[in-house]
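Novice: For reference, the sequence and a predicted model appear below.
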Amino acid sequence: MKRILLTGASGAVGFQALKELLRRKHSYRVRVFSLDLPSERKLFKPYQDLVEMVWGDLRNPEDTLEAVAEVDVILHVAGIIPPAADLNPDLAWAVNVDGTRNLIGACRQQPQPPKILFTSSVSVYGDRIQNPGIRVGDPLSPSEGDEYARTKIAAEEIIRNSGLPYVIFRLCGILVRRLKIQPLMFHMPLETALEWCHDSDSGYALVQAIEEESLQGRIFNLGGGEGCRTKARDFLRLMFPLWGLDAGILPDYAFATRNFHSGYYLDGDELDQILHFRRKTLQDYLRTMGECVSPMQRMAVGVIPKSIVRAWMLKMSEPLQAIRQNNDGLVRRFYGSKEIFDSIFQREILGLGSTE
């Protein structure tokens, strides 16, 4: 029976991987490495008789040494992600990079070093507005200000140079039930090509990969495929009504026009042909989200004057804040120039429609 170590089990993908591992409890002994926090203990309490818990911190070499002792495979999913990674880049580097280095160092001290399956990100490819088709061999070019992407590139390099057996998965955007309106949404140009994958399908793929030796030493783009593709503008127009919002409530000028990431994985089918993990589509997700928001919740949002809702949402737009604060550096990062913003703004005001 293989012994599996899972990091990041409290995150969206990690938790789905945990549930899938437990469905295969007759094949795997599961160890979870997690921070010793009240919220983590509460989350894992229902599983305390099913998994071995190691409470510790990736930033502590002694903790990682305890976590990897005598395991056969590591699913390394832990990491600081946006927006937390943007707000505290030093923490992101400490956990995502130094933590990975500690994990690798601990593995090297084992009599039989384990295989490591690592989740990276589509963000490593940077801005793909003009060239949305992505393949694994494409240049790694993180967008300006994207420290998270840089940490993933650095962690990938550590793993590739470790001498350990490994597989790296560059995950696309992950669909979760708690997907919500947040400032990061406004960093995404409306013409962004989005490929999503359900959190459950992603977690399933990681567990499927444990036994698949043909993946070893390779990097894969992990995405939901054609059934999970859309444009950012269309995705928001589908999502907003589910929350009780007008599909066209936000103006184009509130959104950045550059320096994001995402695209369509042109080589993503290869991984699905091996692991057979794609089970849900974007339409499945929309149905689920529609069921999660009650008619009463949508009605409650609907009675609030549209102008108030719009003003509240626009306050979250960091690109728009950069314009209002005359922050030239951020204006260039989000729009390219003040002139580009002005052009979009004028089109909106004059009722000329979107800039598609």
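Specialist: Arrived safely.
Novice: Pull the number of nearby residues for the nearest residue to Gln208 once chain neighbours are set aside.
Specialist: Of all residues not flanking Gln208 in the chain, Leu275 sits nearest, at 4.2 Å (CB to CB, 6 or more residues apart in numbering). In short, each C-beta sits where N, CA and C put it, glycine included. Neighbours of Leu275 under the rule other CB atoms under 10 Å: 20.
Novice: and what of Met296?
Specialist: Neighbour number of Met296 under other CB under 10 Å is 9.
Novice: what about Ala193, how many residues close to it?
Specialist: Residues near Ala193, counting by other CB under 10 Å: 18.
Novice: so it touches Tyr265, yeah?
Specialist: No. Look at Ala193 against Tyr265 with CB atoms under 8 Å: they stay out of range, at 10.2 Å.
Novice: the strands in this structure, which residues?
Specialist: 2-7, 28-34, 52-55, 73-76, 115-121, 133-134, 166-171, 173-175, 193-198, 218-222, 229-231, 264-265 (DSSP state E).
Novice: So Cys172 sits against Ser262, correct?
Specialist: Yes. Counting by CB under 8 Å, Cys172 touches Ser262, with 7.1 Å between them.
Novice: shared neighbours of these two, anything?
Specialist: Jointly contacting Cys172 and Ser262 under the rule CB atoms under 8 Å, 6 or more residues apart in numbering are Val122, Leu194, Glu195.
Novice: what sits opposite the second one in the beta ladder?
Specialist: Legend: beta-bridge partners of Leu194 under DSSP bridges are Thr230.
Novice: Now do the contacts for it.
Specialist: Cys172, Gly173, Arg229, Thr230, Lys231, Ala232, Phe235, Ser262.
Novice: Can you report how many residues lie near the fifth one?
Specialist: As a burial measure, the neighbour count of Lys231 was computed by other CB under 10 Å and equals 16.
Novice: How about the last one?
Specialist: Counted by other CB under 10 Å, the residues lying close to Ser262 total 25.
Novice: What backbone torsions are found at it?
Specialist: Per-residue torsions, Ser262: phi 100, psi 160 (degrees, to the nearest 10).
Novice: So that it lines up with my notes, have the first residue be 27 from now on.
Specialist: With 27 as the first residue, the last one maps to Ser288.
Novice: Could I get the contacting residues of it?
Specialist: Contact analysis of Ser288 by CB under 8 Å, 6+ apart lists Val148, Ser149, Arg154, Pro158, Cys198, Gly199, Met214, Thr218, Ala219, Leu220, Glu221.
Novice: May I have the predicted confidence score for the spatially closest residue to the fifth one that is not a sequence neighbour?
Specialist: In this structure, Cys198 finds its nearest non-sequential neighbour in Gly249, 3.9 Å apart by CB to CB, 6+ apart. At Gly249 the predicted local distance difference test score is 98.
Novice: which residues in the stretch 127-276 of the chain form helices?
Specialist: 173-186, 225-234, 258-268 (DSSP state H, counting those that start in this stretch).
Novice: relative to helix 258-268, how tilted is the helix or strand bottoming out on mean pLDDT in the chain?
Specialist: The weakest-scoring helix or strand in the chain, judged by mean pLDDT, DSSP states H and E, is helix 321-328 (a mean of 84). Following axes from the mean of the first three to the mean of the last three CA atoms, to 10 degrees, one obtains 110 degrees for the angle between helix 321-328 and helix 258-268.
Novice: Let me see the residues that make contact with helix 321-328.
Specialist: Outside helix 321-328, the residues that reach it (CB under 8 Å, 6+ apart) are Leu268, Trp269, Gly270, Leu271, Val335.
Novice: Buried by neighbour count, from these: which ones?
Specialist: Listed as buried from the contacts of helix 321-328 are Leu268, Gly270, Leu271, Val335; burial here means 16 or more other CB atoms under 10 Å.
Novice: and those residues as CSV, adding distance to Met27 and pLDDT?
Specialist: Listed next are the buried ones among the contacts of helix 321-328 as CSV, based on distance: CB to CB, whole Å; pLDDT from 0 to 100:
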residue, distance to Met27, pLDDT
Leu268, 43, 90
Gly270, 49, 90
Leu271, 49, 91
Val335, 54, 92
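Novice: Tell me how this protein divides into domains.
Specialist: 28-205+221-254+288-306, 256-282+315-375 (automatic domain parsing).
Novice: Quick check: which of the ones you listed has the most neighbours on average?
Specialist: Highest mean neighbour count of the domains of the chain: domain 28-205+221-254+288-306, a mean of 19 (counted as mean count of other CB atoms under 10 Å).
Novice: Ile130 and Ile349, how far apart?
Specialist: 44 Å (CB to CB, to the nearest Å).
Novice: all helices of the stretch 277-382 of the chain, in order?
Specialist: Going by DSSP H, counting those that start in this stretch, the stretch 277-382 of the chain shows helices at 295-301, 308-318, 321-328, 332-340, 344-350, 354-361, 364-375.
Novice: In CSV: those helices, plus distance to Gly243.
Specialist: Below are the helices of the stretch 277-382 of the chain laid out as CSV (distance: least, CB to CB, whole Å):
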stretch, distance to Gly243
helix 295-301, 14
helix 308-318, 32
helix 321-328, 48
helix 332-340, 46
helix 344-350, 40
helix 354-361, 36
helix 364-375, 43
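Novice: coming back round to it: will you turn the helices of the stretch 127-276 of the chain into JSON lines that also has distance to Asp310?
Specialist: JSON lines is the format used below for those (distance: least, CB to CB, whole Å):
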{"stretch": "helix 173-186", "distance to Asp310": "27"}
{"stretch": "helix 225-234", "distance to Asp310": "10"}
{"stretch": "helix 258-268", "distance to Asp310": "13"}
